[in-house]
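A.B. asks: need a structure here:
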Amino acid sequence: MGEQLFLERYFWFDQEIRSRQYPNAAKLSRRFECSPKTAQRSIEFFRCRLHAPLAYDPVRRGFYYDDPDFQLSCMRLSEQELLSLLVSKKLLSDAAAGPLGDELGHIAGKLGVMLSEHVPPHADPDRAFSFRSSEFNPANPSLFQCVSNALLMSRPLSFRYYSPASNSFTARTVEPHHLVNYMGTWHLIAFCRLRSDWRDFLLSRIVDCQAANEGFSPRPESDWRPLLTETFGIFQNRDNFPVTIRFSPLRARWVRGQVWHKNQQAEEMPDGALQLTIPVSHAAEIMMEILKHGAQAEVLEPSWLREKVKNEIENMRKKYLHVGR
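C.D. replies: The predicted structure is shown next:
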């Protein structure tokens, strides 16, 4: 099927028939830059597998439908299916500014064409829906392509990785297993041969990336999946611990109903406050989340995390002691 979507040629062929253009194998071949034999096989697939009532007009040298009421089964969309596709098209378009770039925008455009005859004239999905991210680290499109290709082909990656903590680069060779977009930032979950362990790499911190020619045998998903989903956030460690946070009655109105983690436990307090307990494996990330709620959130457990938050607040207070004096 080359670079075209598998069903796109069938949507196009169907639309050509409905607009009385009488398409044939030659037109299909030119439109999708495929061989005449491939075009002919597509038409036969259209007739035999999709049960299209194709008839050939020798005068116009093209096909038409014997049954004018025929519709492709994939075009018989329910209201909910149509809504889902419209939202998906808009999300694809908005996400195209990221590392998927032109390819994702191209797919969104194709989806729009396929949906055109189902959408009321006044409908405007681009104005109705949007997708936004903030404070994310964009990835270089060519780097994203290199990493994603290596991931799909199970080929090791070699690169230099920047650490903000040490302000330095280290050479790494890794076995890529999963790409996840977290809050707009792409992360690579890979087995690091230097550390002999699983690591989470931000694509925005990777430079000089190259894929090896030889492949590797992917490790069991059970080895890395828990590191991604067992605890709160994206920063993961082997050990985890429960964190209990008390939200004031005022803040509880906003926090109530939020999902911080699938295994969270929420307890309603008599005064209207909310106690939320979630599994955590990295103190820094949960501290950032707690501190953004200011005095409306209080760490109850564990005691050592409560002390870390208290010290951070004290250090913040010292920063502002002489402001404006």
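
A.B. asks: May I have the secondary structure class of residue 149?
C.D. replies: helix (DSSP: H, G, I helix; E, B strand; the rest coil).

A.B. asks: just checking, it touches residue 210?
C.D. replies: No. With contact defined as C-beta atoms under 8 Å, residue 149 does not count as touching residue 210 (11.4 Å). All C-beta atoms are positioned from the backbone trio N, CA, C, and that covers glycine.

A.B. asks: Summarise which helices and strands the strand or helix carrying residue 304 is packed against.
C.D. replies: Per DSSP states H and E: residue 304 is located in helix 303-319. Helix 303-319 sits against helix 283-291, strand 297-301, with contacts defined as 3 or more C-beta pairs under 8 Å, 6 or more residues apart in numbering; DSSP states H and E.

A.B. asks: so where do the helices sit in the chain?
C.D. replies: Assigned by DSSP state H, the chain shows helices spanning 8-18, 25-32, 36-48, 79-95, 101-115, 125-128, 141-153, 221-229, 249-255, 283-291, 303-319.

A.B. asks: Those into a markdown table, with extra columns for mean pLDDT and mean neighbour count?
C.D. replies: What follows is the helices of the chain, written out as a markdown table (pLDDT from 0 to 100; neighbours: other C-beta atoms under 10 Å):
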| stretch | mean pLDDT | mean neighbour count |
| --- | --- | --- |
| helix 8-18 | 84 | 20 |
| helix 25-32 | 90 | 17 |
| helix 36-48 | 87 | 15 |
| helix 79-95 | 61 | 16 |
| helix 101-115 | 58 | 16 |
| helix 125-128 | 64 | 12 |
| helix 141-153 | 89 | 17 |
| helix 221-229 | 86 | 14 |
| helix 249-255 | 94 | 15 |
| helix 283-291 | 92 | 16 |
| helix 303-319 | 94 | 12 |
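
A.B. asks: May I have the beta-bridge partners of the closest residue to residue 242 other than its chain neighbours?
C.D. replies: Of all residues not flanking residue 242 in the chain, residue 277 sits nearest, at 5.4 Å (C-beta to C-beta, 6 or more residues apart in numbering). Beta-bridge partners for residue 277, by DSSP bridges, are residue 244, residue 265.

A.B. asks: same question, residue 160
C.D. replies: Residue 160 has these beta-bridge partners by DSSP bridges: residue 171, residue 207.

A.B. asks: any weak-confidence spans in the stretch 101-250 of the chain?
C.D. replies: When residues are selected by pLDDT under 70, those of the stretch 101-250 of the chain lie in 101-132, 134, 235-238.
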